[in-house]
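S.K.: Kindly return the folded structure for what I paste below:
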Amino acid sequence: MSATSTETPRAPGRELPPTLGPQVCAWIEANLVHADGDFLGRPFKLEPWQQKIIWKLYEYDPKTLRRIVRRALVVTPKGTGKTELLAAIGLAELAGPTVVDRQTRQATRRRSPNIPCAAASFEQADLVFGAARTMATEGRLAPLVESFDTELLLRGEQGRMYRVAAQAGTNDGGRPTCFLADEIHEWTGAKERVHLVLANSLTKREEAIEINISTPDEANPETLLGRLVAHGERVASGELDDPSFLYVRYSAPADVDLDDPQELRAALRGCHPASWVDLERVAARWEVDRIPEHEFRRYHLAQFVRASNRFLRENMWEALADSDRSVAEKASVVLGFDGSYNNDSTALVGCVQGEKPHLFVAGCWERPQHAPLDWTVPRDEVNAAVDRAMQRYKVVELACDPPGWHAEIEEWAERYGQVVVRFETNRRAFMAHACSRFYTAVANEALTHDGDPRLARHLANAVVKETADGRYVTKDGPSSPRKIDLAVAAIVALDRGMTVKPKASARLVSW
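M.R.: Modelled structure (predicted):
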């Protein structure tokens, strides 16, 4: 049992960009001291995992000399010292070599730095700012700064680092160059507005950066942390290409058996990057103190604890990926279609028939993150994708969930004939049977799939609803932003792919 370290991937073939990481690390260790704990007052010594984060944060484009990362999210278990790391990076942004001079091409200090240290409460904000103040005033940086209760000022030049508490609210983000946000799982409700204002204000300054740190929460996709994690996971999986977003998460696998002493300790060793953490004492929080399991998993294993009624257990789906299994032209395929109109997603999934079926994503249309609220599914693109699939494969059946797409389904029936059928997913008993068949096939490893991260995400979002007619998948709430359309299309495709026989009738059939 090993833990995982999630990081923003580098595209294949992309060369390692230059970084100011070594200079920033050297500056921190030469000028700052530790602010708390057993190392109080000692010269700040960065651990390898901290150095790695800093190296990535300060990568820059060799042509433009501008920094690559503009937003970052670091998620670790409790007690790893991430707040002190955030403070050290903030001080480097205040007085260290964090930008590249356009003329000399050398590392230099930026002009007029403006660095808000923010958290959801005054107490938490004071942890970051207080650490920064101690690290600066008790080390070699002391002659260069003036220290006050809520701000640090550079002597003789423009530059400040200051405390911000989201609970106080704000109407103006100023002109920050580096926005530090601590424990953003606590930035909920109206507090999110403060984060939005400060983050938006970064556009006023050149090469400004936003750095967020947190322990996990309950994986609510509607929170600030939930949205950032969702974006980070899509970047880490390769689904999105966003080199400006750095996502680092140290966590244990979801299937860790907490009651297996060896497995528990292996997981703790893997997900706690800091060398000073007393892992035996952490293990005792579960084995002796028996704190609630969801709290132990969140705080000490850095797991985002989701609903207990998830459709598939963690790693069940991922284990069946076979990206080397290609779908040949004219292969016998059943297509599952789940459509929507606006503010949702539309999915087309194929199932290659055979002794061991193979599922693949033939199309997916989701509302982009920053799209206007009146965004609608591009129906022309959907029609084109269906037509391509019809031309490329021997489509035995196109099974469609009809709501919102009646006109298109009628057109497809006229164009493609008897292969087009309606699959009414709102018929509970019918859908429950299809869900049961899908789950059994996954549990018995009786299928493979193309490893598409979007389908994996939609399946992970799906939860089970218990009814008198059986168990079937649904969203975790009527207004939840977690999409499951690809999951529904895959369930439909597999069910029909394992059932369908050629039909003699040319009429549109309903199942």
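
S.K.: what sits up against the helix or strand where Asp387 lies?
M.R.: Following DSSP states H and E, the helix or strand that holds Asp387 is helix 379-392. Residues outside helix 379-392 that contact it (C-beta atoms under 8 Å, 6 or more residues apart in numbering) are 329-330, 333, 335, 337, 339, 346, 348, 350, 362-363, 365, 395, 398, 408, 412, 416. The C-beta positions use only the backbone N, C-alpha and C, and glycine is treated the same way.

S.K.: redo that, cut-off 6 Å
M.R.: Residues external to helix 379-392 that are found in contact with it (C-beta atoms under 6 Å, 6 or more residues apart in numbering): Glu329, Leu335, Thr346, Leu348, Ala362, Gly363, Tyr416.

S.K.: what do you get for stretch 102-116?
M.R.: Contacts of stretch 102-116 (C-beta under 6 Å, 6+ apart): 20, 23, 65, 90, 93-94, 97-99, 101, 158-159, 161-162, 164, 175-179, 198.

S.K.: what is the mean pLDDT for that stretch?
M.R.: Mean per-residue pLDDT for stretch 102-116: 93.

S.K.: Show me which residues of that stretch are buried.
M.R.: Of all the residues in stretch 102-116, those buried under the rule 16 or more other C-beta atoms under 10 Å are Ala107, Thr108, Arg109, Arg110, Pro113, Asn114, Ile115, Pro116.

S.K.: how long is it end to end?
M.R.: 26 Å (C-alpha to C-alpha, to the nearest Å).

S.K.: Please apply the same query to stretch 87-104.
M.R.: Termini of stretch 87-104 sit 29 Å apart (C-alpha to C-alpha).

S.K.: Ok, stretch 439-448 next?
M.R.: This stretch, stretch 439-448, spans 13 Å end to end (C-alpha to C-alpha).

S.K.: residue ranges of the strands in the stretch 1-150 of the chain, please?
M.R.: 4-7, 71-75, 99-100, 107-108, 114-119, 145-147 (DSSP state E, counting those that start in this stretch).

S.K.: quick one, which of those is packed in tightest?
M.R.: Ranked by mean neighbour count, these are led by strand 114-119 with a mean of 27 (mean count of other C-beta atoms under 10 Å).

S.K.: Just checking: what are the partner strands of that strand?
M.R.: strand 160-165 (parallel), strand 178-181 (parallel) (DSSP bridges).

S.K.: what's the most buried one of the ones you listed?
M.R.: Of those, the one with the most neighbours on average (mean count of other C-beta under 10 Å) is strand 178-181, at a mean of 27.

S.K.: what does the following helix or strand past the helix holding Asp387 rub up against?
M.R.: Using DSSP H and E, the next helix or strand after helix 379-392 towards the C-terminus is strand 394-401. Around strand 394-401, the neighbours that count as contacts under C-beta under 6 Å, 6+ apart are 330, 332-338, 409, 419-423, 425, 492, 496, 500.

S.K.: picking up where we left off before, between the strands of the stretch 1-150 of the chain, which one is nearest to Met316?
M.R.: Nearest of the strands of the stretch 1-150 of the chain to Met316, taken as C-beta to C-beta: strand 4-7 at 16.4 Å.

S.K.: what is the mean pLDDT for the closest one?
M.R.: Throughout strand 4-7, pLDDT has a mean value of 63.

S.K.: Next: stretch 248-266.
M.R.: 92.

S.K.: Number of residues surrounding Leu348?
M.R.: By other C-beta atoms under 10 Å, 25 other residues sit near Leu348.

S.K.: So for it, what's the nearest residue that isn't a sequence neighbour?
M.R.: Leaving aside its sequence neighbours, Leu348 sits nearest to Gly363 (C-beta to C-beta, 6 or more residues apart in numbering; 3.9 Å).

S.K.: Check what contacts the helix or strand hosting that neighbour and list those residues.
M.R.: Using DSSP H and E, Gly363 sits within strand 358-366. Outside strand 358-366, the residues within contact range by C-beta under 6 Å, 6+ apart are 325, 327, 345-352, 377, 385, 389, 448-450, 452, 454-455, 486, 490.

S.K.: Just the ones of those residues in strands?
M.R.: If you go by DSSP state E, those have Ser345, Thr346, Ala347, Leu348, Val349, Gly350, Cys351, Val352, Thr448, His449 in strands.

S.K.: Isn't the fifth one up against Gly336?
M.R.: Going back to what we said before, that points to Val349. Yes: assessed by C-beta atoms under 6 Å, Val349 is found in contact with Gly336 at 4.8 Å.

S.K.: Poorly predicted segments of the chain, please.
M.R.: Across the chain, the ranges flagged by pLDDT under 70 are 1-14, 167-173, 219, 306-308, 341-344, 369-370, 478-479, 501-511.

S.K.: try 50
M.R.: Within the chain, the stretches with pLDDT under 50 are 1-3, 171, 502-511.

S.K.: what's the burial count for the residue nearest to Asp476 when sequence neighbours are not counted?
M.R.: Leaving aside its sequence neighbours, Asp476 sits nearest to Val463 (C-beta to C-beta, 6+ apart; 4.9 Å). Residues lying near Val463 (other C-beta under 10 Å) number 19.

S.K.: Give me the contact list for stretch 176-183.
M.R.: 83, 86, 90, 93, 113-119, 124, 128, 198, 201-202, 205, 208-214.

S.K.: Quick check: helices, which of those residues are part of them?
M.R.: Thr83, Leu86, Gly90, Glu93, Gln124, Val128, Leu198, Ser201 (DSSP state H).

S.K.: Does the second one touch Ile213 like I think?
M.R.: It refers to Leu86. Yes: between Leu86 and Ile213 there is a contact under C-beta under 6 Å: 5.4 Å.

S.K.: Would you mind measuring from Leu486 to Leu459?
M.R.: Applying C-beta to C-beta, to the nearest Å, the value for Leu486 to Leu459 is 8 Å.
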